[in-house]
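> quick one: sequence plus predicted model below, questions after.
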Amino acid sequence: MLQLALIRQQPELVRERLKVKNFDAGSLIESILLLDDQKKKLQLELETAQSRLNTISKEIGQWIAKGDGARADEKKQEVAAFKASIPSLQEKSSLLDRQLQDLLVKMPNLPAKEVPPGRTPEQNEIVRTGGSQPQLAENALAHWDLAKEYNLIDFELGNKITGSGFPVYINRGARLQRALIQYFLDYNTAAGFTEYQPPLLVNEASAFGTGQLPDKEGQMYFVTEDKFFLIPTSEVPLTNLYRDVIVKANELPVRMTAYTPCFRREAGSYGKDVRGLNRLHQFDKVEIVQIVHPEKSYAVLEEMVLHVEKLLQSLDLPYRILRLCGGDMSFASAITYDFEVFSAAQKKWLEVSSVSNFETFQTNRMKIRFRDEQGKTQLLHSLNGSSLALPRILACLLENNQQMGKIALPKVMHAYFGAAEIRG
RNA sequence: GGAGAGAUGGCAGAGCGGUCUAUUGCGGCGGUCUUGAAAACCGUUGAAGGUCAAACUUCCGGGGGUUCGAAUCCCUCUCUCUCCGCCA
């Protein structure tokens, strides 16, 4: 959520920046400023009445204490004369508040200066590429075929017990998945991230805090009985750990990591893109989240990009890093770098990580603050990234490393997996 | 799931209709003293809105009600604790 003060002070800047996201904020800003103005006037009126009421009430108490019931009654009459107006003022005020809030929530985050304009994924900027693409045989198999051949994943079984998009990992498939998770977590904690195991279900306030609500409501599984959302990413519970917290200076930066399953309804997805592990309703992900001083967030962002990049390098996967254009960025993000690995058998790039700086967009919703040198509370910046999402990494590892009768694993996984290769 | 108790400022913990819109202790910050530190003493110390700054308003788990006036009384929801039941 954007800060009202920013919209109030620099409406033109806000409007201009949002054009990069292809968002026409003109009328929205106008309405917000108008409502804000009305609210201020109303508030003054209301507070004046409240102040008067408080004063007279105090006087009544004093007259009663002195035993002068007549004077007290007189004052009560005085109160009765204007008190009736207060409830309607309060109602109007809270209505304005709600309307203002509803509009503010519709404002996307401002893209950072570095964000290129554009509407489609083709307009994302390739920042750099790394790793080398393997030369596979003509008859190279896609991961869903490899998964079947080596009995690593059973998609049909998942269909039976739940539905499509809920694969069952078996034997060495399950073990490889677990080994990767363990490796990712170790890699993150070695870099100073504290490991958490958060709840997989969150309440409405948490889903709102990170920006999933209100606009991505349909993408989350919802438990109606208890009003809980299944997390689409551990970013939600992790960041919300600091909701309504004034973080002490010596606790900054906050660096967290967690492995959790993630649940996404993926309503509207279909076709070739959803084949095999490419797009799932339940998948595993190791996430990193940071909450940092506002002046440091862009240095931290670069650091996180390097962190994820080195992790991909250690897996010997061909990758590229994209700076998303305005049109491809999420509502809440100020800048996003996507990491894609090349799936050699499918011959396409698959997104395996997304590293973003949200600046104050999330922290404003969650009131995550610190005290500056003057002792004033100020919003912190929040960032997060995948480090890493499992399924597509697994898919690429299988496809890119397939050899005659076996799948060779990258060196770094040998000890974690307990073997150097998967044989038929 | 059943019964009872409770939720107050960073923490502990008073207040249970009007003696300032919250006693006090601890902690934090500033100062005196000290070569320095500790101790002691003095002062200061919640959040949001509002203002140049103030005044002022709101917030005692959330929401609603009674009253001239609510942390305090009533209703309701959420959560916590104790006991019982069930259970990995």
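It's in. All values derive from a computational prediction rather than experimental measurement.

> what sits against A:Leu6?
A:Leu13, A:Val14 (C-beta atoms under 8 Å, 6 or more residues apart in numbering). Just so you know, the C-beta spots here come from the backbone N, C-alpha and C atoms, and that holds for glycine as well.

> what does the model give it for pLDDT?
For A:Leu6, the pLDDT comes out at 92.

> mind checking the SS state of it?
helix (DSSP: H, G, I helix; E, B strand; the rest coil).

> now the strands: where do they sit in the stretch 251-400 of chain A?
Using DSSP state E, counting those that start in this stretch, the strands of the stretch 251-400 of chain A run over residues A:254-263, A:282-292, A:319-323, A:335-343, A:348-359, A:369-371, A:377-379, A:381-389.

> winner for burial among those strands?
Highest mean neighbour count of the strands of the stretch 251-400 of chain A: strand A:381-389, a mean of 26 (counted as mean count of other C-beta atoms under 10 Å).

> what average pLDDT does it get?
If you average the pLDDT values across strand A:381-389, you get 96.

> quick check: which element contains the residue of the stretch 1-150 of chain A found nearest RNA strand B?
Among the residues of the stretch 1-150 of chain A, A:Gly61 lies closest to RNA strand B, at 2.9 Å counting by C-beta to the nearest atom of the strand. A:Gly61 is part of helix A:26-65, with elements assigned from DSSP states H and E.

> could I get the buried residue list for that helix?
A:28-29, A:32, A:35-36, A:39, A:42, A:46, A:49, A:56, A:59-60, A:63 (16 or more other C-beta atoms under 10 Å).

> same for that helix, what does it pack against?
helix A:4-9, helix A:11-19, helix A:69-83, helix A:85-104 (3 or more C-beta pairs under 8 Å, 6 or more residues apart in numbering; DSSP states H and E).

> with distance to RNA strand B added, can I get those in TSV?
Below are these laid out as TSV (distance: least, C-beta to the nearest atom of the strand, whole Å):
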stretch	distance to RNA strand B
helix A:4-9	7
helix A:11-19	15
helix A:69-83	4
helix A:85-104	7
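
> which sections of chain A are below the confidence cut-off?
Within chain A, the stretches with pLDDT under 70 are A:268-272.

> residues of it that sit close to RNA strand B?
Proximity of chain A to RNA strand B, by C-beta under 7 Å from any atom of the strand, involves residues A:40, A:43, A:46-48, A:50-51, A:53-58, A:60-62, A:64-65, A:76, A:79-80, A:83, A:246, A:369, A:371, A:375, A:377.
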